[in-house]
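1. What would the 3D arrangement of this be:
(one chain, ligands or ions: 1)
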Amino acid sequence: MEITFYKYQGTGNDFVMIDDRSQTFPVSKSLIASICHRRFGIGSDGLILLQNAEGYDFKMVYFNADGGEGSMCGNGGRCVARFASDLGLFSGMAKFIAVDGEHEATVSNEVIELKMTGVTDVQQYEDYDFINTGSPHYITYVDQVEDVDVVNIGSEIRYGSVYGPQGGTNANFVEVIEENHLSVRTYERGVEDETFSCGTGVTACALSASIRNGWSSPITVETIGGTLEVAFAQTAEGEFGDIILKGPAVRVFEGSLDIPSTPIL
Ligand SMILES: N[C@@H](CCC[C@H](N)C(=O)O)C(=O)O
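-> A predicted model of the protein is given here:
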């Protein structure tokens, strides 16, 4: 079976994108893991199926690079909005449904603005915060983010005794550059590695920093793959709405994929 695929990236978080409005893509964990594999496949942090959904411009179905269906992906949401715009599925503002509920997105040139799910539960501990922005995020502050061993420390947090038994978490390391300006590196669950950027992670870090430092919206966040901006409204203590994740997302290439009858991994 041969299918056309597209590759998109948003601040270096890259995704294989498939127009699955016919719902014929043969979903299997091993097949998706083999497609995302950086040596044996196309190579990506995840795979996204764009499907039809009644009452919406489209539905986003997101899988992590390990082939498992993930929780919400912020950069993936921005990339799929760009893909839907490239397919001509909407003009102006898109309304789509994802695993964590409804989202709105606007696309102008390279910049995509994605409305994220509201946050009602910010957990603050002595040396870290924990916030679910559609995906679970552990957030800790460091002096020099470039010196952090993100993969080893991130993996200890992800599989550790607190979050491991709950399905794991993504882990973010944050350096405050100046007021309303952060630098973030993220270990991603499901990729089991550091990625160049994590949209739900960046969002969680911006909300955490706004509480810890009393900062107002918007907050600019540097990642390895580029710059994102997070705007928000604080609706009550520790509660946020109108959260907008803004930044570039672009198509990198397209190709055709021969789906083997037996996956290669
Ligand atoms: N890269 C994503 C985060 C994806 C979710 C995560 N890996 C998980 O399932 O926990 C983003 O941009 O938000």
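
2. what does the stretch 51-200 of the chain put close to the ligand?
-> Proximity of the stretch 51-200 of the chain to the ligand (Cβ under 6 Å from any ligand atom) is limited to residues 64, 70-71, 73-76, 135, 170, 188-191, 195, 198-200. For glycine as for every other residue, the C-beta is placed from the backbone atoms N, C-alpha and C.

3. Okay, and the beta partners of residue 176?
-> Under DSSP bridges, the beta-bridge partners of residue 176 are residue 182.

4. State the pLDDT value of it.
-> We have a pLDDT of 98 for residue 176.

5. what about it, distance to the ligand?
-> Note on residue 176: its distance to the ligand, by Cβ to the nearest ligand atom, to the nearest Å, is 21 Å.

6. Name all residues that make contact with that residue.
-> Listed by Cβ atoms under 8 Å, 6 or more residues apart in numbering, the contact set of residue 176 reads 141, 182, 209, 213.

7. Quick check: the second one touching residue 201?
-> In this case it means residue 182. No: judged on Cβ atoms under 8 Å, residue 182 makes no contact with residue 201 at a distance of 11.0 Å.

8. What residues of the top helix by length along the chain count as buried?
-> The single longest helix within the chain, with elements called by DSSP state H, is helix 199-213. Under the neighbour-count criterion of 16 or more other Cβ atoms under 10 Å, helix 199-213 has 199-211 buried.

9. Give me the sheet partners of the following helix or strand past it and which way each runs.
-> Downstream of helix 199-213, the next assigned helix or strand under DSSP states H and E is strand 219-223. Strand pairing for strand 219-223, using DSSP bridges, gives strand 181-188 (parallel), strand 226-236 (antiparallel).

10. Could you give the separation of strand 219-223 from the chain centroid?
-> 14 Å (Cα atoms, centre = their mean, to the nearest Å).

11. now stretch 161-176
-> With Cα atoms, centre = their mean, you get 15 Å for stretch 161-176.

12. before we move on, what about stretch 78-87?
-> Distance, centroid of stretch 78-87 to centroid of chain: 15 Å (Cα atoms, centre = their mean).

13. How about stretch 80-89?
-> 17 Å.

14. Return the set of buried residues in it.
-> Buried residues in stretch 80-89, counted by 16+ other Cβ under 10 Å: 80, 81, 82, 83, 84, 85, 86, 89.

15. What of stretch 242-254?
-> Here stretch 242-254 shows 243, 244, 245, 246, 247, 248, 249 as buried, counting by 16+ other Cβ under 10 Å.

16. in what helix or strand does the nearest residue to residue 235 once chain neighbours are set aside lie?
-> In space, residue 235 comes closest to residue 241 once its chain neighbours are excluded; the distance is 4.7 Å by Cβ to Cβ, 6 or more residues apart in numbering. Using DSSP H and E, residue 241 falls within strand 239-248.

17. Just want the angle from that strand to strand 219-223.
-> 50 degrees (axes from the mean of the first three to the mean of the last three Cα atoms, to 10 degrees).

18. and the longest helix of the chain, what's its mean pLDDT?
-> Averaged across helix 199-213, pLDDT comes to 98.

19. Quick one: distance of it to the chain centre.
-> 14 Å.

20. follow-up on the earlier one: out of the contacts of residue 176, the closest to the ligand would be?
-> Proximity of the contacts of residue 176 to the ligand (Cβ to the nearest ligand atom) peaks at residue 182, which lies at 15.6 Å.

21. count of neighbours near the closest one?
-> When counting by other Cβ atoms under 10 Å, one arrives at 26 neighbours for residue 182.

22. Which residues are in contact with it?
-> Shown in contact with residue 182 (Cβ under 8 Å, 6+ apart): 174, 175, 176, 205, 206, 209, 219, 220, 221, 222.
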